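> Dropping a prediction and its sequence here:
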Amino acid sequence: GENVEQHPSTLSVQEGDSAVIKCTYSDSASNYFPWYKQELGKGPQLIIDIRSNVGEKKDQRIAVTLNKTAKHFSLHITETQPEDSAVYFCAASINFGNEKLTFGTGTRLTIIP
Amino acid sequence: DTGVSQNPRHKITKRGQNVTFRCDPISEHNRLYWYRQTLGQGPEFLTYFQNEAQLEKSRLLSDRFSAERPKGSFSTLEIQRTEQGDSAMYLCASSFPGQGKGYTFGSGTRLTVV
């Protein structure tokens, strides 16, 4: 089955700096890669996703890049703000987001004011 | 639309007892998923439904676990003869294929088995 590895497990950045989280996946058939943000006591919230026919996608301060050949994808957050502090999970699945997701182990991001 | 609702939010039970959790998905979503999340880990897939049909079950879902979605709306997840290893956050999510919006997760039910 699919295996998703995520790093780093913790990340601290100064407010206003950029943060990058990286994931690799094992199953070349995976074609949908969402990123979730999870705050304490809440369920994961989808923040951005990308399909395998796209190499990069951006939404305001958040961007995701995908390298299908290397089977890795990354989350980039620019101009970080205190409210970006949370745990971030990457995930992968086959078919467009409607079947089971395999999640990474998460990155705890702390923004230092 | 108030999102995906899960009840209860917290459940403490003694080992060996049965527990049942409920999930109310977003009304127009025909797919419903259950995941389990332990501390410091990402969610792990348990099972999913399309309407009332249970289409896939993970091997994590032992015979002590059963999930239903009888009318294709809300779903229940029951754990029989709970064990300490069942302590986790149980997450429900829903989606509608073709909307292009991925999953919407609920806030979860945190189960503690003592």
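That came in fine, so what should we check first?
> The nearest residue to residue A:68 once chain neighbours are set aside - how many residues pack around it?
The shortest distance from residue A:68 to any non-neighbouring residue, by Cβ to Cβ, 6 or more residues apart in numbering or on different chains, is to residue A:52 (5.7 Å). Placement of C-beta: from N, CA and C, glycine included. If you count neighbours by other Cβ atoms under 10 Å in any protein chain shown, residue A:52 ends up with 17.
> and stretch B:43-61 with chain A, contact?
Yes - for stretch B:43-61 and chain A, the contact criterion (Cβ under 8 Å from any Cβ of the partner chain) is met by B:43, B:44, B:45, B:48, B:56, B:58.
> so the fourth one touches residue B:67, yeah?
No - distance between residue B:48 and residue B:67: 9.0 Å, which falls outside the contact criterion (Cβ atoms under 8 Å).
> Low-confidence regions, the chain specifically.
Just going to use chain A. Residue ranges of chain A with pLDDT under 70: A:96-98.
> My question was about chain B, not that one.
B:1, B:99-100.
> In it, which residue is most central in space?
In chain B, the centroid-proximal residue (Cα atoms, centre = their mean) is residue B:34; its distance is 3.4 Å.
> any idea whether that one is helix, strand or coil?
strand (DSSP: H, G, I helix; E, B strand; the rest coil).
> How about residue B:34: what's its closest non-neighbour residue?
Leaving out its chain neighbours, residue B:34 is closest to residue B:46 (Cβ to Cβ, 6+ apart), at 4.3 Å.
> Surely the one you found and residue B:56 touch.
No - counting by Cβ under 8 Å, residue B:46 sits too far from residue B:56 to count as a contact (9.5 Å).
> okay, those two: which has more neighbours?
Under the criterion of other Cβ under 10 Å, the comparison of residue B:46 against residue B:56 puts residue B:46 first, with 21 against 14.
> With only the CA atoms kept, save stretch A:87-97 in PDB.
Written as PDB, here are the backbone C-alpha positions of stretch A:87-97 (Å, rounded to 0.1, in the frame of the first residue of the first chain):
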ATOM      1  CA  VAL A  87       0.100  20.800  12.900                       C
ATOM      2  CA  TYR A  88       0.200  20.200   9.200                       C
ATOM      3  CA  PHE A  89      -0.400  16.900   7.500                       C
ATOM      4  CA  CYS A  90       0.300  15.900   3.900                       C
ATOM      5  CA  ALA A  91      -1.700  13.000   2.300                       C
ATOM      6  CA  ALA A  92      -1.900  11.000  -0.900                       C
ATOM      7  CA  SER A  93      -4.500   9.000  -2.600                       C
ATOM      8  CA  ILE A  94      -5.500   7.400  -5.900                       C
ATOM      9  CA  ASN A  95      -8.300   9.100  -7.700                       C
ATOM     10  CA  PHE A  96      -9.400  12.600  -7.100                       C
ATOM     11  CA  GLY A  97      -9.800  12.900  -3.300                       C
END
